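Novice: A structural model of the following input is requested.
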Amino acid sequence: LRAPARGRQPVAPAGYSSGGLVAHAVAAELERRGAACAALVLLDTYRPDATELIEDLVPQVLHGLLERQARMTGDGEDSRGDGWLTAMARYLQFDWTPPPIQTPTLLVRAARPMPGRTADGEWQARWPAAETTLTVAGDHFTMLETYAAETARTVHDWLTERGGSR
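Specialist: Have a look, this model is predicted:
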């Protein structure tokens, strides 16, 4: 990772779902190197220590991924093979404990539970260290499909209010 060049706009890493953990790691590393980020944007990212909630969500996430894969190929077959499934299983075994950071953090979470879940109980993403938590239309998947424009506007507006986007 390289720090942004002097005189350039600071970066605002963003990550969707478990990709938010990677974005958080990028922000932490940039801070460690003395190049603070303008912000960190987490899109429906669940804290890795919410193990019971995550374990409960894994079947819905896998079902949603397989459903989308079938729609993309028309026959349920993925030309990339099954490697993504093996990678995902390994990925879930990593220690993704996020270190504390100073970077202002936005959590954008879905307004509706994934198909197959009810809105009863705790199901929405939570990030206790987030400066701001905003809820957008859709579920974990449709917030970046059907409602992508609204989600993008929400992030853009928050960054603009903070002075992190022009």
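Novice: Which parts of the protein are strands?
Specialist: If you assign secondary structure with DSSP state E, the strands in the chain sit at 14-16, 40-43, 105-110, 132-136.
Novice: ranking the ones you listed by burial, who's on top?
Specialist: Comparing those by mean neighbour count (mean count of other C-beta atoms under 10 Å), strand 40-43 comes out on top with a mean of 27. Glycine gets a C-beta too; all of them are placed from N, C-alpha and C.
Novice: Provide the contact partners of that strand at residue level.
Specialist: 12-17, 19-20, 23-24, 27, 101, 103-108, 125, 127, 130, 143-144, 151, 155, 158-159 (C-beta atoms under 8 Å, 6 or more residues apart in numbering).
Novice: and that strand, average pLDDT?
Specialist: Model confidence over strand 40-43, given as mean pLDDT, is 98.
Novice: Tell me how far Gly34 lies from Ala129.
Specialist: Here the criterion is C-beta to C-beta, to the nearest Å. By it, Gly34 lies 21 Å from Ala129.
Novice: So for those two, which residue has more residues nearby?
Specialist: Neighbours around Gly34 and Ala129, counted as other C-beta atoms under 10 Å, are more numerous at Ala129. The numbers are 14 against 7.
Novice: Am I right that that one is in contact with Pro100?
Specialist: Yes. When contacts are counted by C-beta atoms under 8 Å, Ala129 is listed as touching Pro100 (7.0 Å).
Novice: between the two, what contacts are shared?
Specialist: Shared contacts of Ala129 and Pro100, counting by C-beta under 8 Å, 6+ apart, come down to nothing at all.
Novice: excluding its backbone neighbours, what's nearest Ala39?
Specialist: Leaving aside its chain neighbours, Ala39 sits nearest to Ala12 (4.4 Å; criterion: C-beta to C-beta, 6 or more residues apart in numbering).
Novice: how close does Pro104 sit to Ala125?
Specialist: Relative to Ala125, Pro104 is positioned 17 Å away (C-beta to C-beta).
Novice: Give me the below-cutoff pLDDT ranges for this protein.
Specialist: Confidence mapping of the chain against pLDDT under 70 gives the ranges 1-8, 50-94, 116-121, 164-166.
Novice: Please enumerate the helices of it.
Specialist: With DSSP state H as the criterion, the chain has helices at 19-32, 51-73, 83-91, 148-162.
Novice: how far off strand 105-110 does the last one point, in degrees?
Specialist: The directions of helix 148-162 and strand 105-110 differ by 160 degrees, with axes from the mean of the first three to the mean of the last three C-alpha atoms, to 10 degrees as the criterion.
Novice: buried residues in helix 148-162?
Specialist: Going by neighbour count (16 or more other C-beta atoms under 10 Å), the buried part of helix 148-162 is 151, 154-155, 158-159.
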